[in-house]
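Enquirer: Mind folding the following:
(one chain, ligands or ions: 2)
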Amino acid sequence: MNKVATDYSFGLFINGEWRIKEDTVPVLNKYNQEKIGETSITNESDVKEAVESAKKAFQVPFSLYDRYQVLLKVAQLLKDNTEEFAAIIAQEVGKPINEARGEVGRSALTLENSAEEAKRIHGEEIPVEAAPGSENRKAFTRRYPVGVVAAITPFNVPLNLVCHKVGPALAAGNSVVLKPAEQTPLTALLLTRLFEEAGLPKGRLNVLTGEGHEVGPLLTSNPDVNMFTFTGSPQVGERIRKEAGLRDVALELGNNSATIVHKDADIDQAAQLVAQKSFNNAGQVCISVQRVYVHDDVYDQFLGKVREATSQIKLGDPMDPSTQMGPMIAEEEAARVEEWVNEAVAEGAAIETGGKRDGVFYQPTVLTNVNSEMKVCKQEVFGPVVAIDSYADEDEVISFVNDSEYGLQAGLFTNSLAFAMKAMDHIHVGGLIVNDTSGYRVDHMPYGGVKKSGTGKEGPRYAIEEMTEEKIVVFNL
Ligand SMILES: NC(=O)C1=CN([C@@H]2O[C@H](COP(=O)(O)OP(=O)(O)OC[C@H]3O[C@@H](n4cnc5c(N)ncnc54)[C@H](O)[C@@H]3O)[C@@H](O)[C@H]2O)C=CC1
Ligand SMILES: O=C(O)[C@H](O)CS(=O)(=O)O
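Expert: Ligands and ions are numbered 1, 2, ... in the order given. Reported below is the predicted structural model:
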């Protein structure tokens with residue numbers, strides 16, 4: 001068993017210094033509610049100082065190669081400290097230790113990719129001379145960092161989703177003010193220590209901890225923040241966009257991800273992947289499988305396999321390597337999921353397996369006989385529940401998938417190239433994953449949704465584009 005974190009007390013990180021405040025809040029192990037650390041509470045002057053230090057640091061040259069080296073060093077330090085980071089993630093999120101290790105590995109890849117992309121920031125030659133009268137002109141574009149980037153991140157993937165913002169922001173030459181989720185701040189603070197160790201110039205990264213509804217408005221009302229990058233709920237994303245005014249805002253928001261299992265699919269493969277990707281991190285993943293549409297011809301066979309696989313999932317202490325699913329982030333979230341499932345049952349849904357809550361745990365649950373108006377289908381459950389329905393033909397199921405306010409990613413199991421191409425053209429999402437579920441992601445791919453799932457793309461190359469401004473220079477020779 002890993003070392004259980006006992007004392008991770010952190011201050012704020014402003015201008016390269018740790019600032020431990022009088023006002024602190026405990027961070028709890030989400031499985032046993034024991035204190036694993038504490039963080040300081042940010043006030044208005046802390047925010048002003050953090051933004052000011054980021055702005056000042058931005059004026060000090062930080063070369064492309066230095067950025068590359070710092071990011072690569074932190075990636076290596078992450079790998080060297082995998083067990084410590086995995087233990088903190090497992091405890092403060094409630095994520096099984098094996099999944100937490102996977103997150104640390106992906107985070108190192110995200111930073112390595114950010115480092116590589118720092119070397120690939122370039123513009124392009126623009127042939128303005130093609131215009132009559134411009135024969136004697138030459139033009140090209142260049143990309144410039146926006147300046148101070150405010151990054152706000154969610155609780156569920158507390159390391160990799162921070163790396164997806166801090167990595168590209170620094171690679172692009174920006175300074176960062178980071179506000180991690182109040183439920184899971186220790187991981188980001190531990191990562192900050194690695195940036196310090198790697199020699200990141202002071203002021204390039206500042207970390208403020210505390211409640212989002214208190215710290216957030218202090219950031220959005222600060223005119224020296226040049227850009228916001230947010231991952232979290234649509235409600236908060238919408239608020240940040242309003243408060244940001246004309247400044248750029250990158251939004252990675254929610255989803256009620258659908259996956260299709262067609263009559264020609266590999267049913268064993270589909271059932272195994274759906275059972276896995278519906279319940280990773282107790283379903284607290286925004287591309288978690290939430291709606292599954294199965295062709296009539298294979299419905300009973302698929303349902304039987306998913307029900308069996310789901311009923312075998314072992315719940316327990318996230319620090320126990322045999323645990324396959326841990327607690328949810330808070331008991332009130334588990335109670336909300338319980339309420340939504342009970343509501344669906346009252347409206348006719350059937351519980352194939354699961355459906356019971358034990359404190360902060362909610363059993364992995366498979367529902368059938370659902371309809372699109374039920375909350376478990378229409379809204380984002382963000383919990384360990386998957387609703388399985390059937391369909392008769394391709395056009396019908398495409399309409400079912402598109403019947404959503406969200407559009408992040410969707411999955412499609414089929415061996416029909418024609419159906420895959422039709423789905424590619426007609427399913428309105430940011431990513432379609434063929435022969436895997438909606439839950440597939442690798443960290444250098446463009447990732448982001450449409451509709452209420454947000455705006456912009458992450459993946460270091462794409463985030464760098466959003467964290468830089470393109471300028472054209474035209475020479476009249
Ligand atoms: N698209 C994606 O890649 C992902 C999306 N999510 C979404 O995040 C949600 C779950 O994560 P949560 O942390 O519960 O989301 P949340 O929206 O409650 O909080 C996210 C972050 O926003 C901060 N915040 C809260 N109120 C704020 C305000 N008024 N102004 C500024 N910041 C504020 C929080 O402190 C936290 O750091 C789900 O909707 C999920 O779909 C989660 C992970 C990835
Ligand atoms: O959507 C999320 O919760 C994460 O972005 C998914 S992943 O990056 O952990 O695959």
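Enquirer: Show me what residue 292 bridges to in the sheet.
Expert: residue 259, residue 388 (DSSP bridges).
Enquirer: Isn't it up against residue 257?
Expert: No: counting by CB atoms under 8 Å, residue 292 stays clear of residue 257, with 9.6 Å between them. Placement of C-beta: from N, CA and C, glycine included.
Enquirer: So which of the two has more stuff around it?
Expert: The residue with more neighbours, out of residue 292 and residue 257 and counting by other CB atoms under 10 Å, is residue 257; that gives 32 against 28.
Enquirer: Give me the nearest residue to the more buried one, chain neighbours excluded.
Expert: Once flanking residues are discounted, residue 257 sits nearest to residue 438: 3.5 Å by CB to CB, 6 or more residues apart in numbering.
Enquirer: what does residue 128 give?
Expert: In space, residue 128 is closest to residue 139, 4.4 Å off (CB to CB, 6+ apart).
Enquirer: and the one you found, backbone torsions?
Expert: Residue 139 has phi and psi values of phi -150, psi 150 when expressed as degrees, to the nearest 10.
Enquirer: give me the number of residues near it?
Expert: With other CB under 10 Å as criterion, residue 139 counts 17.
Enquirer: repeat for residue 59
Expert: By other CB under 10 Å, neighbour count at residue 59 equals 9.
Enquirer: Surely the residue nearest to residue 128 and residue 124 touch.
Expert: No: Residue 139 is beyond contact range of residue 124, at 9.7 Å (criterion: CB under 8 Å).
Enquirer: From residue 107, how far out is the residue sitting nearest the centre point of the chain?
Expert: In the chain, the residue lying closest to the centroid (CA atoms, centre = their mean) is residue 161, at 4.9 Å. Going from residue 161 to residue 107 by CB to CB, to the nearest Å gives 9 Å.
Enquirer: Repeat that for residue 448.
Expert: Where residue 107 is concerned, residue 448 sits at a distance of 19 Å (CB to CB).
Enquirer: again with residue 446
Expert: Where residue 107 is concerned, residue 446 sits at a distance of 18 Å (CB to CB).
Enquirer: more neighbours, these two?
Expert: The neighbour comparison of residue 446 against residue 107 (other CB under 10 Å) goes to residue 107, with 29 against 14.
Enquirer: wait, is residue 13 part of a strand?
Expert: Yes: secondary structure of residue 13 (DSSP: H, G, I helix; E, B strand; the rest coil): part of a strand.
Enquirer: Give me the neighbour count for it.
Expert: 25.
Enquirer: okay but it is in contact with residue 191, surely?
Expert: No: with contact defined as CB under 8 Å, residue 13 does not count as touching residue 191 (10.4 Å).
Enquirer: Can you tell me the SS state at residue 140?
Expert: Residue 140 ends up strand, using three-state DSSP.
Enquirer: check contacts around residue 144.
Expert: 173, 468-469, 471 (CB atoms under 8 Å, 6 or more residues apart in numbering).
Enquirer: And the residue of the stretch 51-200 of the chain that's closest to ligand 2?
Expert: For the stretch 51-200 of the chain, the residue closest to ligand 2 is residue 157, as judged by CB to the nearest ligand atom, at 4.4 Å.
Enquirer: Not including adjacent chain positions, what is the nearest residue to that residue?
Expert: Residue 157 sits nearest to residue 103 (CB to CB, 6+ apart), 6.2 Å away.
Enquirer: and if you look at residue 125?
Expert: Counting by CB to CB, 6+ apart, residue 125 lies nearest to residue 140, which is 4.7 Å off, once chain neighbours are set aside.
Enquirer: Provide the partner residues of the one you found in its beta bridges.
Expert: residue 125, residue 473.
Enquirer: related to what we said a few turns ago, looking at it, the residue nearest to the centre of the chain is touching residue 154, isn't it?
Expert: Yes: taking CB under 8 Å as the definition, residue 161 is a contact partner of residue 154 at 6.5 Å.
Enquirer: Which residue, other than its chain neighbours, is closest to the closest residue to ligand 2 within the stretch 351-477 of the chain?
Expert: Evaluated by CB to the nearest ligand atom, the stretch 351-477 of the chain has residue 441 as its residue closest to ligand 2, separated by 3.9 Å. Spatial nearest neighbour of residue 441, chain neighbours left out: residue 447 (5.9 Å); criterion: CB to CB, 6+ apart.
Enquirer: Give me the residues contacting stretch 232-244.
Expert: Contacts of stretch 232-244 (CB under 8 Å, 6+ apart): 152-154, 181, 212, 216-217, 220-221, 228, 230, 249, 251-254, 452-454.
Enquirer: ok, and for that stretch, which residues are buried?
Expert: Neighbour-count burial for stretch 232-244 flags 232-234, 236-237, 239-241, 244 (criterion: 16 or more other CB atoms under 10 Å).
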